[in-house]
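J.: Quick one: sequence plus predicted model below, questions after.
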Amino acid sequence: MAGRASWKGYLKLSLVSCPVKLYPATSSSAGKISFNMLHKDTLNRVQQKYHDPELGEIDRADLVKGYQFEKDRYVVVTSEELDEIEIESSKTIDIDGFVDESQIDTIYMDSTYYMAPDGPIAEETFGVILEAMKRAHKVAVARIVLSGRERLVTIAPIDDGFRLVTLRSAKEVRDASTALDKLNVKFSDDMLDMATQIITQKATTFAPDAFEDRYEEALLALVKSKISGGQPVIAKAPERGNVVNLMDALKRSIQEERRPPAPSLGKVAGPAKVAAVKGAKKPAVADAAPAKPAARKKAGAA
């Protein structure tokens, strides 16, 4: 059963509209270990307090929002005034047009939501728009007000609804030239052929459910060992070998990739999880020389 919707309004296609609701499609905190800030002596959880340079500690209820228009000069905007601001996209997702999904650079993509019809009466209109977009093989470009700002979004049809993705504005995206200088390198055709062969050998399918956060697993092992009172289990990355000639590294990489794959994609049961972090496979190009075997440490009870 669907949880609580984060937004409700109308999806509008020309003169056709239907009530819809949005649900967050992702969770940044799901399954993640988090820490609280404690005082080092008392181990009491500390609290964040607001401080005014004239009044000292103040309550959160006394805070207002201010916009700085000159140095140390502010204009105050109340919550009531912000709530009164309404534009068309405050309650309506008005579709501006349709594009091929390949036209949208992934650098612009931000947060993802699922869009569903809001009630049985909306299902017929919702279903017609959904099926028409599936037949057209297009994604819609629209606007919506979320978290106090208007956002450009894409709307793509999926099995029983839509996937809505908020897009960053052009002002938020930095040009690649701000970080990347023009490459001025020369390499042989043999090197390029071998690198292409390695890429071909490593061809796979995208399976996000097969990914396990090895750092999170090592962190969990550390926390469990401390809870049980044993020695802290500290995962260590394997020692790296010396960087060698690029051609030799490419040749070794091809030989390495010809070996049969491991029976599991990093899913290791029981205490071997920490060892899996220690024995992670090293990049072949930067690590052509054989590495020394890592010494095993005795782990405390987890």
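T.: That came through fine.
J.: residues contacting residue 184?
T.: With contacts taken as Cβ atoms under 8 Å, 6 or more residues apart in numbering, residue 184 has no neighbouring residues. Bear in mind the C-beta positions are built from the backbone N, C-alpha and C, glycine included.
J.: Against residue 66, how distant is it?
T.: The gap separating residue 184 from residue 66 is 50 Å, by Cβ to Cβ, to the nearest Å.
J.: Equivalent analysis for residue 29, please.
T.: From residue 29 to residue 66 the distance is 30 Å (Cβ to Cβ).
J.: now swap in residue 150 and tell me
T.: As judged by Cβ to Cβ, residue 150 and residue 66 stand 22 Å apart.
J.: More neighbours: which of the two?
T.: Between residue 150 and residue 66, residue 150 has the larger neighbour count (other Cβ atoms under 10 Å), namely 14 against 11.
J.: Please settle this for me: is that one part of a strand?
T.: Yes: assessed by DSSP: H, G, I helix; E, B strand; the rest coil, residue 150 belongs to a strand.
J.: Please shift the residue numbers so they start at 31 in all later answers.
T.: Sure, I'll start numbering at 31, so the last one becomes residue 180.
J.: Leaving out the residues flanking it, which one is nearest to residue 43?
T.: residue 125 (5.2 Å; Cβ to Cβ, 6 or more residues apart in numbering).
J.: er, residue 122 I mean
T.: Nearest residue to residue 122 in three dimensions, chain neighbours excluded: residue 40, at 4.7 Å (Cβ to Cβ, 6+ apart).
J.: Do I have it right that the one you found meets residue 120?
T.: No: judged on Cβ atoms under 8 Å, residue 40 makes no contact with residue 120 at a distance of 10.7 Å.
J.: Now do the strands in the stretch 131-280 of the chain.
T.: Taking DSSP state E, counting those that start in this stretch as the test, the strands found in the stretch 131-280 of the chain are 139-147, 169-176, 179-187, 192-197.
J.: now the shortest one, how far from the chain's geometric center?
T.: What separates the centre of strand 192-197 from the centre of its chain is 14 Å, taken as Cα atoms, centre = their mean, to the nearest Å.
J.: One more: the third one?
T.: On the basis of Cα atoms, centre = their mean, strand 179-187 is displaced by 18 Å from the centre of the chain it belongs to.
J.: quick one: buried residues of that strand?
T.: 181, 182, 183, 184, 185, 186, 187 (16 or more other Cβ atoms under 10 Å).
J.: My understanding was that the fifth one contacts residue 192; is that so?
T.: The one in question is residue 185. Yes: counting by Cβ under 8 Å, residue 185 sits close enough to residue 192 to count as a contact (5.0 Å).
J.: Which neighbours do those two have in common?
T.: 145, 163.
J.: which parts of stretch 249-264 are buried?
T.: 250, 251, 252, 255, 263.
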